[in-house]
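Chemist: Here you go, sequence then predicted model.
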Amino acid sequence: MKKVKDYLQAYKDLLIPPRVGDIIKGKVIEKTKNGVFLELGNYKIGLIKKEDLDISGKSLSKIEKGEEILAKITNLNNKDDFVELSLREANKDLIWKKLQDLSDEREQIPLSVAGANKGGLIFNFHGIQGFLPASQLSREHYPKIENPTPERIFQELKKFVGQEIKVKIISIDSRRQKLILSEKYKENI
């Protein structure tokens, strides 16, 4: 027996149809060699193409019939009358949302240094690249070099690759794909 909550959600879904850009939950009803078909509640049938699944890190073989998946609507009505969905785009949007929440909450994030350049350190948060300018390193980690040159600073910064550093987000812009981090927050405590 359906709960009142289920009926209310179905009614809401009928009144407010999804739009391109919305993230929607669907239940896997069919897998083919080219993709996955999802039941989208009272709306339509959705399609996530195989290449989108592979890019997102979730391969077709790991998806189970009956599994619920979040995907982003990219086309409401393709030539075959399916709603086209993107798992990759949904995952990216959800990661940016998580980063925004961490920024709003001023949360520390322990991240491993993925790389360095002459200006600072590069981090990776679930596929999103973040940058920590050398000026935002704590006193403990800031390179102490006599007669500093960009090349010598770069050599010192490369020593951090693979190390974990606790950082906070100081600037985030998902539209421009920019994530700026700082380690200096510890000095203000």
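Modeler: Structure's in. What do you need?
Chemist: roughly how far apart are the closest residue to residue 184 other than its chain neighbours and residue 181?
Modeler: What sits nearest to residue 184 in space, not counting adjacent residues and going by CB to CB, 6 or more residues apart in numbering, is residue 136, at 5.4 Å. (C-beta placed from N, C-alpha, C; glycine too.) Taking CB to CB, to the nearest Å as the measure, residue 136 falls 7 Å from residue 181.
Chemist: Likewise for residue 63?
Modeler: Residue 63 is 33 Å from residue 181, where distance means CB to CB.
Chemist: out of the two, which sits in the busier spot?
Modeler: residue 181 (25 against 16; other CB atoms under 10 Å).
Chemist: what packs against the helix or strand harbouring that one?
Modeler: Residue 181 belongs to strand 178-182 when assigned by DSSP states H and E. On a contact count with 3 or more CB pairs under 8 Å, 6 or more residues apart in numbering; DSSP states H and E, strand 178-182 meets strand 128-133, strand 164-173.
Chemist: any idea how far stretch 106-117 is from the chain center?
Modeler: How far stretch 106-117 lies from its chain's middle: 15 Å, per CA atoms, centre = their mean, to the nearest Å.
Chemist: Next, the buried residues of that stretch.
Modeler: By neighbour count on 16 or more other CB atoms under 10 Å, the buried set for stretch 106-117 is 109, 111, 113, 115-116.
Chemist: avg pLDDT for that stretch?
Modeler: Averaging pLDDT along stretch 106-117 gives 93.
Chemist: Identify the residues contacting it?
Modeler: Contact partners of stretch 106-117, identified using CB atoms under 8 Å, 6 or more residues apart in numbering, comprise 101-102, 121-125, 129-130, 154, 157-158, 160-169, 181, 185.
Chemist: could you point out which element follows the helix or strand of the chain with the lowest mean pLDDT?
Modeler: Counting by mean pLDDT, DSSP states H and E, the weakest-scoring helix or strand in the chain turns out to be helix 4-15, with a mean of 65. Reading on from helix 4-15 to the C-terminus, the next helix or strand found by DSSP H and E is strand 23-32.
Chemist: Pull out the buried residues from that following strand.
Modeler: For strand 23-32, the neighbour count (16+ other CB under 10 Å) marks 23-24, 26, 28, 31 as buried.
Chemist: Next up, phi/psi of residue 33, please.
Modeler: Main-chain dihedrals, residue 33, degrees, to the nearest 10: phi -70, psi -20.
Chemist: And it, how far from residue 123?
Modeler: Distance of residue 33 to residue 123, computed by CB to CB: 37 Å.
Chemist: quick one, which of those two is more surrounded?
Modeler: Between residue 33 and residue 123, counted using other CB under 10 Å, the more crowded position is residue 123 (20 against 6).
Chemist: Report pLDDT for that one.
Modeler: On the pLDDT scale, residue 123 gets 97.
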